[in-house]
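Student: Make a model of this:
(one chain, ligands or ions: 1)
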Amino acid sequence: MAKARRAPFSIAGESVSAGKRAHIELPTARLVTGSKVEVPLVVLHGASDGPTAWISAAIHGDELNGIEIVRRVLASINIRSVAGTLIAVPIVNVHGFNAGERALPDGRDLNRSFPGSPRGSMASRIANTFMTEVIRRCDVGIDLHTGSGNRTNMPQIRGRLSDPRTRELAQVFGAPVTVDSRVRDGSVRQVAAENGATALLFEGGEANRFDDEAIAIGTEGVLRCLADIGMIPAGDRLPPPPTVFVRSAKWTRASRSGVLHMETALGKEVVAGEVVALLRDVFGRKVHSVKARSDGIVIGAAWSALIHQGEGIVNIAELE
Ligand SMILES: [Zn+2]
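Tutor: Have a look, this model is predicted:
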């Protein structure tokens, strides 16, 4: 007797048959000109049963590394070997992406607007659609980011590490650093975790450009996680490199304005009081030494040459 075929997966009013890969457009707020704006996504609905997972990128429209990570992940997966269902969303914030901006046209941060509401602000409505069509249906999810503004981030996973499964999956991802992050910030990761999903956030590199190292680490990490949950075969994938677990990170800020000369680098261990940067005036005279405010590892840093008083210079995370 033939095995019963797996039921199709319905999303945004469309149906994806078992064993098929489909491109779907998720409708969102139209442009003022009336043009439709749709969130493009790819559904891989495996022929056999398994978990449902999502990967998403560019929820901040100028954070591009994740778009390339999603592309490479999809290029590595053969639909014939998929168990369960993967929803891959390379660009969540389509409005921001097209404008080269982090936020939505209403100025709101989409990743502070979850779970959203069908009658709320534009950000809130998009969050609600994404929540209903994607997040609520998933057991596992990975949201991909980069540093924001004039900052760059060491490739890192953030998640609620008090949850054993989240900690285990973070270890499988194998980013150089894993940060315990339990903030209630209206992010997709926080809301998904509260809905019972195992949710990770990946950060790596900076806005508006591709960073090969961060992309390679992100791609391997996502694929290892998908193999770990039994969605794709492990194949000859290497075991995860060790990750350093850290607690809450704090920014060391400039107490004067000046031209930045960095004296440390991402991944370096520093001690409190150590000089991490020099600020000079436009003639090259030293105006200030920036000293680490705590012991730990540098997981984020400013890259702009121009620094204003109060700006973050290095983000230092305390080792667990
Ligand atoms: Zn982001």
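
Student: For the residue in the stretch 151-300 of the chain that the ion sits nearest to, give me its contacts.
Tutor: Proximity of the stretch 151-300 of the chain to the ion (C-beta to the ion) peaks at Glu203, 7.2 Å away. Any C-beta I mention is one placed from the backbone N, CA and C, and that applies to glycine too. By C-beta atoms under 8 Å, 6 or more residues apart in numbering, the contact set of Glu203 is His145, Thr146, Gly147, Asn153, Pro155, Gln156, Ile157, Arg158.

Student: I'd say Leu161 and Arg167 touch.
Tutor: Yes. Taking contacts as C-beta atoms under 8 Å, Leu161 lies within contact range of Arg167: 4.6 Å.

Student: those helices in the stretch 51-200 of the chain, which residues are they?
Tutor: 65-76, 94-99, 122-133, 164-173, 188-194 (DSSP state H, counting those that start in this stretch).

Student: how much space between the spatially most central residue of the chain and the ion?
Tutor: Among the residues of the chain, the one closest to the centroid is Leu144, at 2.1 Å (C-alpha atoms, centre = their mean). Using C-beta to the ion, to the nearest Å, one gets 8 Å for the distance from Leu144 to the ion.

Student: Leaving out the residues flanking it, which one is nearest to that residue?
Tutor: The shortest distance from Leu144 to any non-neighbouring residue, by C-beta to C-beta, 6 or more residues apart in numbering, is to Gly66 (2.8 Å).

Student: wait, isn't that neighbour in contact with Pro155?
Tutor: No. Using C-beta under 8 Å, Gly66 is not in contact with Pro155; the gap is 11.7 Å.

Student: neighbour count winner among the two?
Tutor: A side-by-side neighbour count of Gly66 and Pro155, using other C-beta atoms under 10 Å, places Gly66 first with 31 against 27.

Student: Model confidence for that one, exactly?
Tutor: Per-residue pLDDT puts Gly66 at 98.

Student: next one: Arg30
Tutor: Turning to Arg30, the model gives it a pLDDT of 85.

Student: pretty sure it is touching Val37, no?
Tutor: Yes. The pair Arg30 / Val37 is scored as a contact, 6.0 Å apart, by C-beta under 8 Å.

Student: tally of neighbours for Thr146?
Tutor: 28.

Student: From the ion, how far off is the nearest residue to Lys20 once chain neighbours are set aside?
Tutor: Counting by C-beta to C-beta, 6+ apart, Lys20 lies nearest to His45, which is 5.8 Å off, once chain neighbours are set aside. For His45, the distance to the ion equals 28 Å [C-beta to the ion].

Student: beta partners of His45?
Tutor: Applying DSSP bridges to His45 gives these bridge partners: Lys20, Thr85.

Student: what about it, distance to Arg72?
Tutor: To Arg72, His45 is 21 Å away according to C-beta to C-beta, to the nearest Å.

Student: Neighbour count: Arg30 and Val37, which is higher?
Tutor: The neighbour comparison of Arg30 against Val37 (other C-beta under 10 Å) goes to Val37, with 15 against 11.

Student: Got the domain ranges for this structure?
Tutor: Here the domain parsing of the chain from automatic domain parsing is 12-242, 249-319.

Student: Let's have those domains in JSON lines, adding distance to Arg6.
Tutor: JSON lines is the format used below for the domains of the chain (distance: least, C-beta to C-beta, whole Å):
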{"stretch": "domain 12-242", "distance to Arg6": "4"}
{"stretch": "domain 249-319", "distance to Arg6": "42"}
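
Student: Pick the most deeply packed of those domains.
Tutor: Of these, the one with the most neighbours on average (mean count of other C-beta atoms under 10 Å) is domain 12-242, at a mean of 19.

Student: Within range of the ion, give me the residues from the protein.
Tutor: His60, Glu63, His145 (C-beta under 5 Å from the ion).

Student: Quick check, the last one in contact with Ile59.
Tutor: Yep, that's His145 we're talking about. Yes. His145 is within contact range of Ile59, at 7.5 Å (criterion: C-beta under 8 Å).

Student: Test my guess that Arg112 contacts Gly186.
Tutor: Yes. Counting by C-beta under 8 Å, Arg112 touches Gly186, with 4.4 Å between them.

Student: Kindly format the C-alpha coordinates of the lengthiest helix in the chain as CSV.
Tutor: For the chain, the helix with the greatest residue count under DSSP state H is helix 212-228. Output of helix 212-228 as CSV, limited to C-alpha atoms (Å, rounded to 0.1, in the frame of the first residue of the first chain):
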residue,chain,number,x,y,z
ASP,A,212,32.2,37.4,3.5
GLU,A,213,33.3,36.1,6.9
ALA,A,214,30.0,36.9,8.6
ILE,A,215,28.1,35.4,5.7
ALA,A,216,30.2,32.2,5.7
ILE,A,217,29.7,31.8,9.5
GLY,A,218,26.0,32.5,9.2
THR,A,219,25.4,30.1,6.3
GLU,A,220,27.2,27.2,8.0
GLY,A,221,25.5,28.0,11.3
VAL,A,222,22.0,27.9,9.8
LEU,A,223,22.7,24.7,7.8
ARG,A,224,24.0,23.0,10.9
CYS,A,225,20.9,24.0,12.9
LEU,A,226,18.6,22.7,10.1
ALA,A,227,20.5,19.4,10.2
ASP,A,228,20.3,19.3,14.0
